[in-house]
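Novice: Starting from these lines, generate the structure:
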Amino acid sequence: MIIFGTRGYLYQLAMLTFVCGNCGNPAAHALRKYVTKFTLFFVPLFPISTKYRSQCTFCGIEHQLAKEQAEALLAQAAAPAGYPAQGQQQPGQQQPGQPLGQNPYQQ
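Specialist: Numbers count the residues shown, from 1 in each chain. Predicted coordinates:
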């Protein structure tokens with residue numbers, strides 16, 4: 001007898017704060033990843049489906065997100081507050097190809 005089936009796994013990726021589209025309150029949202037895996041003899045072998053969802057902690061509504069949206073929100077959560085996103089530059093930072101020790105604002 002072969003025993004097979006599926007099993008669901010839940011991963012909490014981040015807690016994000018933004019305005020909820022349902023209740024309109026600025027609240028924390030849990031970004032979660034739901035993965036369903038095929039199992040053989042109770043051993044998970046490979047993922048069958050992956051879904052990303054955001055749940056409002058104020059009203060409890062869940063919104064399903066595309067993978068790209070979830071990755072963008074996760075990248076936004078990983079960047080420290082007050083720092084530019086990857087690829088952007090703050091004023092006064094060293095420009096690529098500019099010799100060290102020179103002030104870009106002095107002529």
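Novice: so where's the protein uncertain?
Specialist: Within the chain, the segments meeting pLDDT under 70 span 80-107.
Novice: ok, now how distant is the residue most central in space within it from residue 20?
Specialist: Closest to where the C-alpha atoms of the chain average out (C-alpha atoms, centre = their mean) is residue 74, at 2.0 Å. Residue 74 sits 19 Å away from residue 20, taking C-beta to C-beta, to the nearest Å as the criterion. The C-beta positions use only the backbone N, C-alpha and C, and glycine is treated the same way.
Novice: Please state the backbone phi and psi of the residue nearest to the centre of the chain?
Specialist: Main-chain torsions, residue 74, degrees, to the nearest 10: phi -70, psi -40.
Novice: just the one 3 residues further on next, same as before
Specialist: The phi and psi values for residue 77, taken as degrees, to the nearest 10, are phi -70, psi -30.
Novice: and it, what is it in contact with?
Specialist: Residues near residue 77 by C-beta atoms under 8 Å, 6 or more residues apart in numbering: 14, 15, 16, 31.
Novice: Just the buried ones out of those, please.
Specialist: For these, a burial check counting by 16 or more other C-beta atoms under 10 Å picks out 14, 31.
Novice: Format the contacts of residue 77 as CSV; extra columns: secondary structure.
Specialist: Formatted as CSV, the contacts of residue 77 follow (DSSP: H, G, I helix; E, B strand; the rest coil):
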residue, secondary structure
14, strand
15, strand
16, strand
31, strand
